[in-house]
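Visitor: A structural model of the following input is requested.
(one chain, ligands or ions: 1)
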Amino acid sequence: MRASLIQIAVDPDESVDSRRRRAAALVREQRGADLVVLPELWPVGAFAYESFADEAETPDGPTFREMSKAASEAGVWLHAGSIVERAPDGRAPDGRAPDGRAQGGPDQDGTLYNTSLVLSPAGELVRTYRKIHRFGFDKGEATLMGAGGELVTVRLPETTLGLATCYDLRFPELFRGLVDAGAETLVVPAGWPARRREHWTLLARARAVENQAYVLACSTAGTHAGVEQSGHSIVVDPWGEVLAEAGTDEEVLTVDFDPGTVATTRERFPALKDRRLGLETPPATR
Ligand SMILES: O=C(O)CCC(=O)C(=O)O
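Guide: All right, here's what the predicted structure looks like:
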């Protein structure tokens, strides 16, 4: 199986429309790949909080339309990274609250979500995934967006994808849930900051080793909203070996891998079978 991770640069001097066209051209160039992956919030920028409301779109909006044509022309499965989704019953961007918060607030109708799109080689939208763990603590994404509440897997002919986004990488229980749902290849689009690059590569390898799964983690290059992006998109095999790793600039990282290695790794070193679930937690003793 061949995967191409498009580590696109997100810089403020390029318009969202221009970046969409450029991403589409890069997807078209990946003909021959089975799966193409784009990063988190690449149209607008993961830290461009002030633009979230204005650039919010529905899952069938402008990013989907551009990506749909590109996926079908290239004949590839496309994880199109994520968009700022305005829930279908959301109000127009100019209807947002004065403090810029999404109308409705997190977990209510009309809020914004950080939503990944997965398209088939026919250009159809087959699944969406709303990021479960919002980044920013008491500001940014954590206050502007609602949280997803559903684990999402996608069956491809060669493997089953488990979907996660950026900050989700820090939450191993999410990935265990995906593995329990059949995931063999964990796909993590991100807009990870350069200053925590070591965490990015460490956590990508940890998620691969503990889940005995491939990890395809695709971040952005460039600098937007004053946040230098990590680059270093990475592909890790179920034994934790790094199959490929990008540099810091815009780059397409292409890797060939055998999805069957997940089953053989889990058979030969059956640690997942040794899980002890449902243990009792007695009160702490003095
Ligand atoms: O966890 C981190 O260090 C980065 C997370 C992040 O940037 C995000 O989820 O957008």
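
Visitor: show me where this protein has strands.
Guide: With DSSP state E as the criterion, the chain has strands at 2-7, 35-37, 77-86, 112-119, 125-130, 153-155, 160-163, 185-189, 214-218, 223-224, 227-228, 234-236, 242-245, 251-256.

Visitor: got the ones you listed as JSON lines, with mean pLDDT and distance to R207 columns?
Guide: C-betas here are computed from N, CA, C, even on glycine. Shown next, in JSON lines, are those (pLDDT from 0 to 100; distance: least, Cβ to Cβ, whole Å):
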{"stretch": "strand 2-7", "mean pLDDT": "98", "distance to R207": "16"}
{"stretch": "strand 35-37", "mean pLDDT": "99", "distance to R207": "15"}
{"stretch": "strand 77-86", "mean pLDDT": "98", "distance to R207": "16"}
{"stretch": "strand 112-119", "mean pLDDT": "97", "distance to R207": "17"}
{"stretch": "strand 125-130", "mean pLDDT": "98", "distance to R207": "16"}
{"stretch": "strand 153-155", "mean pLDDT": "98", "distance to R207": "15"}
{"stretch": "strand 160-163", "mean pLDDT": "98", "distance to R207": "10"}
{"stretch": "strand 185-189", "mean pLDDT": "99", "distance to R207": "6"}
{"stretch": "strand 214-218", "mean pLDDT": "99", "distance to R207": "5"}
{"stretch": "strand 223-224", "mean pLDDT": "97", "distance to R207": "26"}
{"stretch": "strand 227-228", "mean pLDDT": "98", "distance to R207": "23"}
{"stretch": "strand 234-236", "mean pLDDT": "99", "distance to R207": "8"}
{"stretch": "strand 242-245", "mean pLDDT": "98", "distance to R207": "13"}
{"stretch": "strand 251-256", "mean pLDDT": "98", "distance to R207": "17"}
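
Visitor: interface residues of the stretch 151-286 of the chain facing the ligand?
Guide: Taking Cβ under 6 Å from any ligand atom as the contact definition, the stretch 151-286 of the chain meets the ligand at C166, Y167, R170, G191, W192, P193, R196, H199.

Visitor: contacts only, for the nearest residue to the second one once chain neighbours are set aside.
Guide: Right, the one you point to is Y167. Sequence neighbours aside, F135 is the residue nearest to Y167 in space, at 4.0 Å (criterion: Cβ to Cβ, 6 or more residues apart in numbering). F135 is in contact with E141, A142, C166, Y167, counting by Cβ atoms under 8 Å, 6 or more residues apart in numbering.

Visitor: buried set for stretch 39-56?
Guide: For stretch 39-56, burial by neighbour count (16 or more other Cβ atoms under 10 Å) applies to 39-49, 51-53, 55-56.

Visitor: re the thing from before, so which of the residues of the stretch 151-286 of the chain next to the ligand sit within helices?
Guide: H199 (DSSP state H).

Visitor: measure the residue lying closest to G162 once chain neighbours are set aside to the ligand for me?
Guide: Once flanking residues are discounted, G162 sits nearest to A183: 2.7 Å by Cβ to Cβ, 6+ apart. A183 is 20 Å from the ligand, where distance means Cβ to the nearest ligand atom, to the nearest Å.

Visitor: surely A183 is in contact with V215?
Guide: No: between A183 and V215 there is no contact under Cβ atoms under 8 Å: 10.5 Å.

Visitor: can you lay out the contacts of F135 as JSON lines showing pLDDT, distance to D13 and neighbour count?
Guide: Listed next are those as JSON lines, based on pLDDT from 0 to 100; distance: Cβ to Cβ, whole Å; neighbours: other Cβ atoms under 10 Å:
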{"residue": "E141", "pLDDT": "94", "distance to D13": "23", "neighbour count": "25"}
{"residue": "A142", "pLDDT": "93", "distance to D13": "28", "neighbour count": "15"}
{"residue": "C166", "pLDDT": "98", "distance to D13": "23", "neighbour count": "26"}
{"residue": "Y167", "pLDDT": "98", "distance to D13": "26", "neighbour count": "21"}
